[in-house]
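Take a look and give me a structure for this.
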Amino acid sequence: MADPRFYAERCDTERIVLAAHEARHALKSRRLSVGDPVALIDGRGTEAFGRIASATSSTAEVAVERVAHQPRPRPTLTLWVAMPKGPRQDVLIEKCCELGTGVVCPLRSARSVADVSDHRRAKWRRTAIEAAKQSGQCWVPDFPASVDLGQALAECTRFDRVLLAVSPSGRDDPPPASALGLSADLRNVSSVAAFVGPEGGWTDDEVAAIRNAGARTIHLGPNTLRIETAAILLAGLIHTLHPIHYGS
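A predicted model of the protein is given here:
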């Protein structure tokens, strides 16, 4: 059984004092005590293994025995998403983190229904840390501030592949795996960016602009999906159809 996992800002020192909420989780929720093995992650690829060296009712210090670094999995996926409202954002963040998404950036489009505050992005990070701990990962996604579509389009040239998720338009739409060309098209790809639009859909001008920036259209099956479902499905396709490898 894997060691219980906790988050620490730094994992490269011999002694690490857990933050109060992590200590409470270890001592009260997980019922750990001095001498028990634990694993720590910093969300940037570093993992430390050690044992609880000392503890009080609300504090815990870990003696580190071994440190390892896990390179970020490839391809690194950046999702530009016209976010849904409220708690549906948290579902999107949690599941995309579990799947290994590298960046989730809120996108402002013509039909967006929600903008994202700094406070909300901080909450996303906490959600993502818990998802990373649960799913056995050492990386937590980055959450940049909201951007307009034009700003995102200006970034497209730095990605190996750019995808545009669209709603179904007819029986002849290719299935998701076909649209991605299975894993062959991504075999030597290091970075992928994908656009996920708002519930009201993209405008014709937006679709044209994204395609002109080099995006390849991908249809996510015959059903009309909610924003968070589309983002999760897209992340799952990229990280499961393509045999993920690790890079620097």
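
Check the chain for its longest helix and report it.
If you go by DSSP state H, the chain has its longest helix at helix 118-135.

for residue 8, what are its contacts?
Contacts here follow C-beta atoms under 8 Å, 6 or more residues apart in numbering; on that basis residue 8 touches 16, 18, 19, 22, 40, 41, 42, 48, 62. Quick note: C-beta positions are derived from backbone N, CA and C, even for glycine.

can we see that at 7 Å?
16, 18, 40, 42 (C-beta atoms under 7 Å, 6 or more residues apart in numbering).

care to break the chain down by domain?
5-69, 73-246 (automatic domain parsing).

Pick out the shakiest of those domains, pLDDT-wise.
Of all these, the minimum mean pLDDT falls on domain 73-246 (a mean of 87).

Surely residue 5 and residue 41 touch.
Yes: look at residue 5 against residue 41 with C-beta atoms under 7 Å: they come within range, at 6.3 Å.

For those two, indicate the residue with more neighbours.
residue 41 (23 against 17; other C-beta atoms under 10 Å).

quick one, strands of the protein?
Here the chain has its strands, by DSSP state E, at 5-7, 15-17, 37-41, 46-55, 60-69, 73-74, 76-81, 103-108, 147-148, 161-166, 191-196, 216-219, 245-246.

partners of the first one, with directions?
It stands for strand 5-7. Next to strand 5-7 in the sheet, as set by DSSP bridges, lie strand 37-41 (parallel).

buried stuff in the partner strand?
For strand 37-41, the neighbour count (16 or more other C-beta atoms under 10 Å) marks 38, 39, 40, 41 as buried.

which outside residues touch that strand?
With contact meaning C-beta under 7 Å, 6+ apart, strand 37-41 is reached by 3-8, 11, 16, 26, 32, 47-52, 62, 132-133, 138.

what about 8 Å?
Here strand 37-41 has contacts from 2-8, 11, 16, 26, 32, 47-52, 62, 64, 132-133, 137-138, using C-beta under 8 Å, 6+ apart.
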